[in-house]
Structures are given as C-alpha cells and as structure tokens.
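S.K.: Model the following, please.
(one chain, ligands or ions: 1)
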Amino acid sequence: MVQTTSVATLAVDGGDPVRDPARRWPEWPVPAPGLLESLGTVVRSGRWAISSPGHGNLFERRFARLWSAYVGTRHCVPTDHGSSALVIALESLGLDPGDRVLVPALTWTASATAVLRAGLLPVLTDVDPATGTIGPEHLDPAVGARAAIVVHWACAMADVPAITAVADGLGITVIEDAAQAHGARWLGRPAGSLGRLGCFSMQHAKVLTCGEGGAVVTDSDELDRRLQELRADSRRYRAPHETGALELAETAGVMGANFCLSEFGAAVLCSQLGLLDDQHETRNRNYRLLDDLLSGIDGVRLLAHRPEQDRLSLYEVPIVFEDLPPGRDNRWVAAALAAELGTRVYPPRVPLHRSPLLRPSTKPALAPLAAEFGRLHAGRRFPGAEHLAGHAVLLHHSAFLGPAEDMVDVAAAVGKVAAGRPL
Ligand SMILES: Cc1ncc(COP(=O)(O)O)c(C=O)c1O
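M.R.: Predicted structure coming up:
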C-alpha cells in the first residue's frame, strides 16, 4: 500500500526527488557473455553477409534455427529491420495493389508504413482502451480488408485466436506484429506463432536486440520460400548438399529486395537470445510487484492483460492515469515522474490518424494510396487509442531489470505525482 498524501514538493517543482539521484538504473542493452568472441569469429571468418562467397556455418542460419525453435514455428527468415519483416510478410501474401489492410491506430508508425511500402492501403482501426490491442470486434466487414496487422502492444497480447476465427470468415489473413512481444505467450503458445505470419523487430530498444534487425516466422513452406526471395533479391538458401560457391541461389520466383541481416547482427542475436528468458523472469517479477504496489493508488492502473496471456513480455510499460492530476495532462505526468525517478518516462505516441510520421502524401510514389488514405480517414475518431495516448505514461522495460526497491521507488513516485500538488 502506497501513501498518496505526500506533503513533499514535487521534484519537477524543485522538491527532493523520490529516488536518490546517485542510484543508477539498469543499462540497456546488456551484452551477453560470449558476445565479443562471436563478433570476433565473424570478423575472422571473412563472411560478413549471407551473400558473401562460401557455404555453411552462417550465424544467420543459426539464428533462424534458434528463433524458429524459440517461437515454435517451422521457419524463420531473418531481416535487417522489423519494418522490412512486415513488408515481406505482406508481399508474400500476393495481394492485389491497393488492397486494404487493417492496422491498429495505436502502434509505431512502421506497422502502417510497411503496408504502404508493400503497395497496399492501411485502414486504421481503434483499440480496446483496457489492453491497447484490437479484438475480433474491430474487424469491420465493411472495410473489405484482405489482411490485418495485429499488434501486441507495449506488454499486452491481442487475442489472435479469436481475431483469426472472425478474420477467416471475412477472407482476412492475420499477420502478428510481435515487434514488442518476443517471448510473450498465449495459453503457452509464443507470440508470432499464432497468426499466419509473425514479425519481430530486433531494434535497439527491443527485449531481443542486435541494434537493427528483424525476422518473419511462419509454418508455411510456401510462404517461407517466397519470404526468402523477397528479402534477398530473389534468392533462396541453397540446400546444404547442393554445390555452388554461394549460400544463395538465384531461384527468382518472385522479385525481392535486399533486406538481409548482416552476420554481425546475427551473431549478436545468437548470443543475446541466451539472456532473454532470465530477463523475462526478472522483469515480470518486478512487474507483479509494481502491480501490487499500485493497487493502493486510486485512479492509476497498469495495462489490462487477457487471462489467456500466460507470460508477459514487457516492452514499454504503460502506467495508466485514469484520473489525471487536476489541470494536468499525461505529458506533465511523464515529466513529473521522470524528475522523481531520474529515468526516462514518456507518453505514448499520438494515434496514427494524426501522427506526423504517417504522411504518405510526402512520397510521390505513394500518391494514389495517399489520396485514398486521406479520404478514408478524414473525420474518423479512435477513442480507445486516444484514451491510452492521453492517459498513459511509459517506462522502458530495462527499468524492470533491477532490484525490487526500484519498483518501490516507481510506486512512491506515482503516488506522489497522482496526488498532484502538496496538500
Ligand atoms: C509494433 C512495431 N512494429 C514494427 C516496428 C518496426 O521495427 P523496426 O524499427 O525494427 O523497423 C516496431 C519498432 O518499434 C514496432 O514497435
């Protein structure tokens, strides 16, 4: 139980902060044991890319095996970014130009820009303000969508099985955007393995990172073949027994682009994967403690999770101020918490229908899609997304990698800020 009747002046107003500024927060990323040796192996191997001359022993192949085993899918195609993973996942479906794809309004812009890059039209849909994710009720048949990017947002999984049950009847293919959900589980099944395709980002801020990277996973042999060509300029891996000077053969079934992950990135991911489950355990233990501590503060909550989600993967952890301090918005709350805690606390990005990052009209090649995008979204409202964008503040998952006392500090700061002003 946290006292909310602090008489102390807020740090943002010049008072003493809740947390001693000398106490440090965990750093991110955490380099795994053996990481430097793996990078040294790449340097000395003379094979820095999957397109380098040679055959066999690529870190990239090793990571693909490790990651598909971790996620529980038959295939994994690593990519250079999470965005390119989404682009090739969409392209692999062979949809018609301008076909519609549902995208939640509350997500990073890449979930929607990838749709445009694939020559398709993103149609934004609202999210449930409790979880920040879409549900089956958000699949509006009137949209005529052919695919849906289902995002697991912040630390809450979307109900992919229920969405798929409705989507199947509407001819909509479900692509999981699990860029923020490595290792999250739904009734024991890992995020990314529940949709037709699952996409991951391994960018710096993610729980599994190599700086910049990504991956697509699927159980479909046919999609796997297309994904390989789409991300490597129409080339696929040669089978281990096939002779040839190069790892990739010019199979040329579908025209691709170069979205390949470098050997350096793949080596980093092979090492970092060894830390992931232990880090989940630490973060999730701290999260449960924070949930407990915040239960004593009226008007403040963590994001809701569906009971089927039996493992969390924290990314940016939302603390939702249902009751904002009088006269304050969540940008002020974020700044006040950051001042109390000495770490970054920030509001979610604005919903995509008014995001300055999603402006297809700035790219001449997208002109027809941009016009249609503008027309479709003019005057539309997304109250669920707006609610979280206006009431939540976010803490990066690395803040959950330290001792339990860190959670006591977070809860004390939330209590102090929730009280608004000294009484
Ligand atoms: C939900 C979501 N989708 C896609 C991406 C894009 O990944 P990347 O930055 O690796 O291209 C991100 C990255 O933050 C993301 O959060």
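
S.K.: contacts, neighbours, all on C-alpha from now
M.R.: Fine.

S.K.: In contact with the closest residue to residue 384 other than its chain neighbours, which residues?
M.R.: Nearest residue to residue 384, sequence neighbours excluded (CA to CA, 6 or more residues apart in numbering): residue 129, at 4.4 Å. Residue 129 is in contact with 384-385, 387-388, counting by CA atoms under 8 Å, 6 or more residues apart in numbering.

S.K.: Closest one to the ligand out of the residues you listed, please.
M.R.: Distances from the ligand to the contacts of residue 129, taken as CA to the nearest ligand atom, are shortest for residue 385 (14.1 Å).

S.K.: Quick check: the closest one touching residue 130?
M.R.: No: using CA atoms under 8 Å, residue 385 makes no contact with residue 130, being 9.9 Å away.

S.K.: one step back: show me the contacts of residue 129 that map onto helices.
M.R.: Among the contacts of residue 129, the members falling in helices (DSSP state H) are 384-385, 387-388.

S.K.: picking that back up, ok, residue 385 and residue 130, which is more surrounded?
M.R.: residue 385 (25 against 18; other CA atoms under 10 Å).

S.K.: related to what we said a few turns ago, turn the ones in helices among the contacts of residue 129 into JSON lines, columns for distance to the ligand and pLDDT.
M.R.: Putting these into JSON lines (distance: CA to the nearest ligand atom, whole Å; pLDDT from 0 to 100) gives the following:
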{"residue": "384", "distance to the ligand": "17", "pLDDT": "98"}
{"residue": "385", "distance to the ligand": "14", "pLDDT": "98"}
{"residue": "387", "distance to the ligand": "18", "pLDDT": "98"}
{"residue": "388", "distance to the ligand": "15", "pLDDT": "98"}
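
S.K.: Among those residues, which one lies nearest to residue 259?
M.R.: residue 385 (31.2 Å; CA to CA).

S.K.: residues contacting the closest one?
M.R.: Residue 385 neighbours (CA under 8 Å, 6+ apart): 105-106, 126-129, 132, 351.

S.K.: ok, of these, which one's closest to residue 211?
M.R.: Nearest to residue 211 among the contacts of residue 385: residue 106, at 23.7 Å, using CA to CA.

S.K.: and the residue positioned nearest the centre of the chain, what helix or strand is that in?
M.R.: By CA atoms, centre = their mean, the chain has its centre lying nearest to residue 180, at 2.3 Å. For residue 180, there is no helix or strand it lies in under DSSP states H and E.

S.K.: How about it: what's its closest non-neighbour residue?
M.R.: Using CA to CA, 6+ apart, the closest residue to residue 180 is residue 315 (5.7 Å).

S.K.: coming back round to it: my read: the residue nearest to the centre of the chain touches residue 208, true?
M.R.: No: contact criterion CA under 8 Å: residue 180 and residue 208 do not qualify, at 9.5 Å.

S.K.: Stretch 229-242 close to the ligand?
M.R.: No: on the criterion CA under 6 Å from any ligand atom, stretch 229-242 is out of touch with the ligand, staying 13.9 Å away.
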